[in-house]
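**Student:** Build me a model:
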Amino acid sequence: MSLINEMLKDLENRKRGQNKSTNNILQGATSAQYFRAGNGSYYIYINISVVLLLFIIAIYLVVKWHPAAKVAAPAVVNTITQHVASSPNPTQPMPSTLLHAIGITGNKDYTRISMYLNKNAHYSISRNIVQNLLILTLDNTQLAEPLLPMNTKNSAINDVQVANMGSQLQMTVHLNQGIEIQNVELIKGQEPTLTIDLADKNQIKYSPAILHDTNPQDNASLNQLAQAETALQKNTGTLEKVPQPITPEQRANFDIQQAADLSQQNQVPEAINTLKNALIENPADLAARQMLVALLINQKQLTQANNILQQGLQQVPNNPALTKLAAQLAILKGDRAAAIAVLKKVSPPLADDPDYYAYLADLYLSQGQAFEAAKWYEQLTQYEPNNANYWLGLAIALDTLGKAKAAIEAYQNASLTGGLSPQLQNYADNRIRQLRG
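**Tutor:** Modelled structure (predicted):
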């Protein structure tokens, strides 16, 4: 019995050992499995952390370097907007200033260069004394069309060259020896004109800038400064001088001569613009006003011509030259009677303006007032007996009045005096034969 009991106990102990081993094995397996499961989660956490870190870095870089991704503060946006609004649009550049023509007028002592622009322009001028050059640069300026040849004869200029330099226009002027810049002015208006006045240094008085702080009575000092001036000119090739301004009379002569030259070159709009600028500077310039009205009449700009003429007549109501222009405007409007009335208001001495009365006599004759015409033609032939046109006018007036004998004599005087056109000469000869029968 005891043996059986001992065997049973032994079996039971073995069974317990197996269960314990089994439990140990299961526990080991479970631990190993748990360890492996924990290891996988650890790697997953690491991978997720790395991805998140890279994602954060990517967002940071995008925000930092990409302007569109920035969150701009309102103050920055306002500043940028204001700056853009006040700045020129680079895709729409400012229109260029156009240079239409260049005029050169005057003589070897005084010469004016006039540049006709369509609007104001920024310019700069440099002077090279060694090479005797004047260089004018106009910013944002182009030629409107190829320039006509410029006549520099009998002027202070040897040669003029104009060239486009990108967005700039550069004019290089080769001056004659001893010529200085006297005045530079941009005359503003609807069609601005940039003028450069040149003059012989012996014809103008100027003071070198280097002498401004010296005592004119100190001869020794003046000699030293004169030597310094010579050295400065020799070494640098440049010397700043302060010229006296051009006189109104000189400027008026420049304007009128320039307008006449431009008109002869068929640049009538430029000539008109020059004379308008002259009147802006000096409204009392009668010669400029007279030439301007005459040019406007020739261009059939009668309303504008009349306005400018009336302004002149308000200043000098009895001016014969302006009165004749007023009569001419009346004729162009088809009112010869009004033209006669205008001329009768002014009575200059015949010796001062015989053409004034010849004009009046012609109008009388054209209106059938032969007696008034004959009266004035007779006075004209007495004053100027060698004028064939006066004799012919008297002959026609007498012929119209039926005074054949006196008319034949007047026709003969007109024919013998000479100076008639072939057509008028034939008319006089034919009337002599017809009146003699």
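
**Student:** Skip the chain neighbours and tell me the closest residue to Leu98.
**Tutor:** In this structure, Leu98 finds its nearest non-sequential neighbour in Ala144, 4.0 Å apart by C-beta to C-beta, 6 or more residues apart in numbering. From N, CA and C alone the C-beta is placed, and that goes for glycine too.

**Student:** show me what contacts the one you found?
**Tutor:** Taking C-beta atoms under 8 Å, 6 or more residues apart in numbering as the criterion, Ala144 is in contact with 98-100, 118.

**Student:** any idea of the pLDDT on it?
**Tutor:** Confidence at Ala144, expressed as pLDDT, is 78.

**Student:** So what does it have for phi and psi?
**Tutor:** Main-chain torsions, Ala144, degrees, to the nearest 10: phi -70, psi -30.

**Student:** Would you mind measuring from it to Leu295?
**Tutor:** Applying C-beta to C-beta, to the nearest Å, the value for Ala144 to Leu295 is 21 Å.

**Student:** Likewise for Leu309?
**Tutor:** 12 Å.

**Student:** before we move on, what about Ala370?
**Tutor:** Note on Ala370: its distance to Leu295, by C-beta to C-beta, is 34 Å.

**Student:** Same check on Thr105?
**Tutor:** 16 Å.

**Student:** the more surrounded of these two?
**Tutor:** With other C-beta atoms under 10 Å as the criterion, Thr105 and Leu295 differ in neighbour count, and Thr105 comes out ahead with 22 against 19.

**Student:** Am I right that that one sits in a strand?
**Tutor:** Yes - assigned with DSSP: H, G, I helix; E, B strand; the rest coil, Thr105 falls within a strand.

**Student:** May I have the predicted confidence score for it?
**Tutor:** We have a pLDDT of 80 for Thr105.

**Student:** Nearest residue to it in space, ignoring adjacent ones along the chain?
**Tutor:** The spatial neighbour of Thr105 that comes closest, neighbours along the chain excluded (C-beta to C-beta, 6+ apart), is Gln258 at 3.5 Å.

**Student:** the helices in this structure, which residues?
**Tutor:** Counting by DSSP state H, residue ranges of the helices within the chain are 2-65, 74-86, 219-236, 248-264, 268-281, 286-298, 302-315, 320-332, 336-344, 354-366, 370-383, 388-401, 404-417, 422-436.

**Student:** what's the least confident stretch among the ones you listed?
**Tutor:** Per-segment mean pLDDT for the helices of the chain reaches its minimum on helix 74-86, at a mean of 29.

**Student:** count of residues packed around Phe408?
**Tutor:** No, residue 408 isn't Phe; it's Ile. The criterion is other C-beta under 10 Å. On that basis, Ile408 has 20 neighbouring residues.

**Student:** oh sorry, the question was meant for Asn132
**Tutor:** 16.

**Student:** Surely it touches Leu175?
**Tutor:** Yes - proximity of Asn132 to Leu175 meets the contact threshold set by C-beta atoms under 8 Å, at 5.0 Å.

**Student:** any idea how far Ile125 is from Asn426?
**Tutor:** Using C-beta to C-beta, Asn426 is found at 61 Å from Ile125.

**Student:** again with Ala373
**Tutor:** Ala373 sits 59 Å away from Ile125 when distances are taken as C-beta to C-beta.

**Student:** Surely Ile272 and Ile297 touch.
**Tutor:** No - no contact is recorded between Ile272 and Ile297 when judged using C-beta under 8 Å, the distance being 11.3 Å.

**Student:** Comparing those two, which shows the higher neighbour count?
**Tutor:** Neighbours around Ile272 and Ile297, counted as other C-beta under 10 Å, are more numerous at Ile272. The numbers are 21 against 18.

**Student:** ok, now which ones touch the more buried one?
**Tutor:** Listed by C-beta under 8 Å, 6+ apart, the contact set of Ile272 reads 259, 292, 295-296, 299.

**Student:** Cool, thanks, signing off.
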